[in-house]
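1. Have a look at this prediction, sequence included:
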Amino acid sequence: MKEIKLTAITLLSVLAIISCNRSKDTCELPEAYLKIPVDLEIVRMEDLYFEELTREKLLYNQEKYPEFSAAMFDNMGFQNQDQMVDELLKIHGDSAMQDLYQEVKAHFDNIENIEKSLENAFRGIKHHYPDFKIPQVYTFVTGFGSDLIINEDIIVIGLDYFLPEDHPFQPVDLPYYILKRYNEQHLVPTIVTALSSQFNHIEVKDRTLLAEMIFYGKAYHFTKTILPCTPDEYIIGYETKEILGSYANEEMIWGHFIENELLYETNPFEIRRYTGEAPFTDVISPDAPGRIGRWLGWNIVDDYLINNDLSLQELMEQDDAREIFRKSGYKPR
């Protein structure tokens, strides 16, 4: 993979595989999803904490939105409520934070697209899991302290992280290969992938690379099922050229895993080489994108679904990674 060269035949084949993912014009959500009533209201907490904030208003906000307050502020190390109030008043009155808030307000004055996308995502999840409880969704300006807080009850979106990549306000501690995924296109797929964890059963004793690959493969399949019109790039966080190159070199990538007997590797440092965040998978090639093990896991899970008639619930409940791999009949394209 030192030089990825796509012949015309290979390129056409790869484009055929992912073409349905690259066009939103011809894709419509399943009718069954759209029939499910969801009325989502995102609470704009940044307005309540940055517009003319007083001690009384802050205390009122904390009393009215206790889940938000706990999620955002309980881990900041305050010794008591008085100290928390004093510090939050200073933070949200700081001129730099006020400037950041104004920039976020200017860019995200209207979040209807985010709201609609989340509504449709929740419709999809409730179709497959009728008992799914829709979490309360908040937005906030965190000063680049938290990008997303997600659990079964609450979602907090740090809008400052999702400003355009050419915006002068950017988090300083993130490398570009991660920073480029902080945009509106990746936002809802990232949330859905995180929510999939509550349905993604695992065998806790299986600590192999294969188990981790399958875990991520199930998570990405879940997200693709819930968001069928979302391009794969926004689900896994690859650029289009990285997906094209991975498909074109899938046999070589898979050969590396087999030749080095990696599937049942349990060394966490070795596993991280193939599933952890990185600009590229250097043990294969500088041209191989990072997290390539997750991408392979997604392909294995997709083949498992092709060869076995299972519902999304049945897939997510299957915790035997080796069984999924065995029954997938996976082979590189």
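-> Received the coordinates, thanks.

2. Next, residue 269: secondary structure please.
-> helix (DSSP: H, G, I helix; E, B strand; the rest coil).

3. and what of residue 39?
-> Residue 39 ends up coil, using three-state DSSP.

4. So what's the residue count around the closest residue to it other than its chain neighbours?
-> In this structure, residue 39 finds its nearest non-sequential neighbour in residue 119, 7.7 Å apart by CB to CB, 6 or more residues apart in numbering. Quick note: C-beta positions are derived from backbone N, CA and C, even for glycine. Using other CB atoms under 10 Å, residue 119 has 20 other residues around it.

5. need the strands for the protein, in chain order.
-> Here the chain has its strands, by DSSP state E, at 43-44, 136-140, 148-150, 154-158.

6. Can you lay out these as TSV showing mean pLDDT, distance to residue 182 and mean neighbour count?
-> Below are the strands of the chain laid out as TSV (pLDDT from 0 to 100; distance: least, CB to CB, whole Å; neighbours: other CB atoms under 10 Å):
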stretch	mean pLDDT	distance to residue 182	mean neighbour count
strand 43-44	97	19	16
strand 136-140	98	14	21
strand 148-150	97	10	18
strand 154-158	98	10	22
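
7. among the ones you listed, which is nearest residue 64?
-> strand 43-44 (9.9 Å; CB to CB).

8. what about that closest one, distance to the chain center?
-> 21 Å (CA atoms, centre = their mean, to the nearest Å).

9. Tell me which strands it pairs with, and in which orientation.
-> strand 136-140 (parallel) (DSSP bridges).

10. The closest residue to residue 213 other than its chain neighbours and residue 220, how far apart?
-> Leaving out its chain neighbours, the residue that sits closest to residue 213 by CB to CB, 6+ apart is residue 297, at 3.2 Å. With distances taken as CB to CB, to the nearest Å, residue 297 is found 8 Å from residue 220.

11. neighbour-wise, which of these two wins?
-> Higher neighbour count among residue 297 and residue 220: residue 297, with 30 against 24, using other CB under 10 Å.

12. Surely that one is in contact with residue 208?
-> No: at 11.6 Å, residue 297 and residue 208 do not qualify as touching, with contact defined as CB atoms under 8 Å.

13. Next, the contact list for the nearest residue to residue 182 once chain neighbours are set aside, please.
-> Nearest non-adjacent residue to residue 182, counting by CB to CB, 6+ apart: residue 161, 5.0 Å away. Neighbouring residues of residue 161 by CB atoms under 8 Å, 6 or more residues apart in numbering: 142, 144, 147-148, 171, 182.

14. thinking again about what came up before, present the strands of the chain as JSON lines; the columns should include distance to residue 28.
-> Below are the strands of the chain laid out as JSON lines (distance: least, CB to CB, whole Å):
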{"stretch": "strand 43-44", "distance to residue 28": "30"}
{"stretch": "strand 136-140", "distance to residue 28": "24"}
{"stretch": "strand 148-150", "distance to residue 28": "27"}
{"stretch": "strand 154-158", "distance to residue 28": "26"}
